[in-house]
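[1] Here is a sequence with its predicted model. Questions after.
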Amino acid sequence: YNWKFVTEEVKGQVQYEYAQEFAKRMKEKSDGNVNIQVYEFGGLGSEVDQVEQLQNGAVQMAVMSPGFTGNMVKEGQIFALHFLFPESVKTTQEILNTSEALNTDLRNKYEEHSITPLSYWTEGAMQWTSSKKIEKPSDFENFKMRTQTSPLILRSYKAYGADPTPMSWSELYTALDRGTVEGEENPIFFIGDASFNEVQDYMTLSSHNNYVAMTTVNNDWYESLPDDIRGMVDDTTKEMQDWVFKEQKQQNEDWLKKIKNDKENPTEIVELTDENREKFKQAAKPVRDYYRSDVSTVDGKILDKLQKEIDSASGE
Ligand code: 6CS
């Protein structure tokens, strides 16, 4: 077997390292019969192009961010809602592992488009970087924010008064440098590894959302695999949940230190006060109603179910 596995990140970054480890484990399990070629981001086009390549079977496997599928799988925009998942990355990962709303209901929605999400995992809490200080919602007034392409992500920033622009991350460093956009959101490891801190002055430790990625496969291809091989894929996907949790944790911790100690490109770290965090939460709430009324195609049932799962996991 020769499979192609595409990621949205480059060597050293979490998604790429995940795919390499996945490939290594599959090769071992299959006594060398499964060879997975892992592709770094860039060679096969934009993140949105990669979604199409998985759908048409040009690649069999992909790490995909729901932030790039929102125009198609509307329900997947659940991950665009700020302050929905708990602040604890660990609890968030546990919910992603066990949630029926995501692993059954949302999976079905993706399968209607030939995409099977085998797992959901976090790459860490997201933070804001910016060229001016962001510490309360009004600081976002007319702020030019780069986002991924899902409309609900844009809406989340409009709720703070910002002026969001969707863009591939391949164009982001230059856009920040030139001031085409003034800020962006990402987990800390990504901010550091993509050097966004070089062209930004502030990093607000907002943890307003967790970055979620999916391990996806082309549905027809996956269904046509022999049972034993498909079983190996499923087992490996399960094992990798712990592996990737540790990987993102380590990378995010290391990069926070590096960014703090970078004398050449100093970044002011901004902490949110409880009061301002509450203001952001209040401003983000109407976006949840909007998801229920206008985005969701099943009357918000997936969100309702997920909300219950989140409440019980966070002990509420
Ligand atoms: O900001 C982005 O679009 C990119 N961020 C991460 C953490 N992974 C890939 C994605 O395309």
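    Noted; the coordinates are in hand.

[2] Tell me the residues of the stretch 201-316 of the chain that contact the ligand?
    Counting by Cβ under 6 Å from any ligand atom, the stretch 201-316 of the chain comes close to the ligand at Tyr211. In short, each C-beta sits where N, CA and C put it, glycine included.

[3] In the stretch 201-316 of the chain, which residue sits closest to the ligand?
    The minimum distance from the stretch 201-316 of the chain to the ligand, using Cβ to the nearest ligand atom, falls at Tyr211 (5.3 Å).

[4] Please apply the same query to the stretch 1-150 of the chain.
    Closest point on the stretch 1-150 of the chain to the ligand, by Cβ to the nearest ligand atom, is Glu8, at 3.7 Å.

[5] What helix or strand is that residue located in?
    Assigned by DSSP states H and E, Glu8 falls within no helix or strand.

[6] And it, how close does it get to Gln200?
    Using Cβ to Cβ, to the nearest Å, Glu8 is found at 21 Å from Gln200.

[7] Could you check which of these two has the larger neighbour count?
    Glu8 (25 against 22; other Cβ atoms under 10 Å).

[8] what about the more buried one, distance to Thr116?
    Glu8 is 18 Å from Thr116, by Cβ to Cβ.

[9] Apart from its chain neighbours, what residue comes closest to Ser207?
    Ala125 (3.9 Å; Cβ to Cβ, 6 or more residues apart in numbering).

[10] so the residue of the stretch 1-150 of the chain closest to the ligand touches Gly67, yeah?
    No: here Glu8 does not reach Gly67: they are 9.7 Å apart, not a contact under Cβ atoms under 8 Å.

[11] ok, how many other residues are close to Thr267?
    Neighbours of Thr267 (other Cβ under 10 Å): 18.

[12] So what's the residue count around the nearest residue to Asp201 once chain neighbours are set aside?
    Using Cβ to Cβ, 6+ apart and skipping residues adjacent in sequence, the residue nearest Asp201 is Ser131, 5.6 Å away. By other Cβ under 10 Å, the residues close to Ser131 number 16.

[13] Ser131 contacts Gly183, doesn't it?
    Yes: applying Cβ under 8 Å, one finds Ser131 in contact with Gly183, separated by 6.7 Å.

[14] Overlap in contacts, the two.
    Taking Cβ atoms under 8 Å, 6 or more residues apart in numbering as the contact rule, Ser131 and Gly183 both touch Leu176, Gln200.

[15] Now find how far off-centre the longest strand along the chain is within its chain.
    Longest strand of the chain, by residue count under DSSP state E: strand 115-130. Relative to its parent chain, strand 115-130 has a centroid offset of 2 Å by Cα atoms, centre = their mean, to the nearest Å.

[16] For that strand, give the mean pLDDT please.
    Averaging pLDDT along strand 115-130 gives 98.

[17] which parts of the stretch 1-150 of the chain sit against the ligand?
    So far as Cβ under 6 Å from any ligand atom goes, the stretch 1-150 of the chain lies against the ligand at Glu8, Glu9, Glu47, Ser65, Glu123, Gln148.

[18] most neighbours, which of those residues?
    Neighbour max across these (other Cβ under 10 Å) = Glu123, 28 neighbours.
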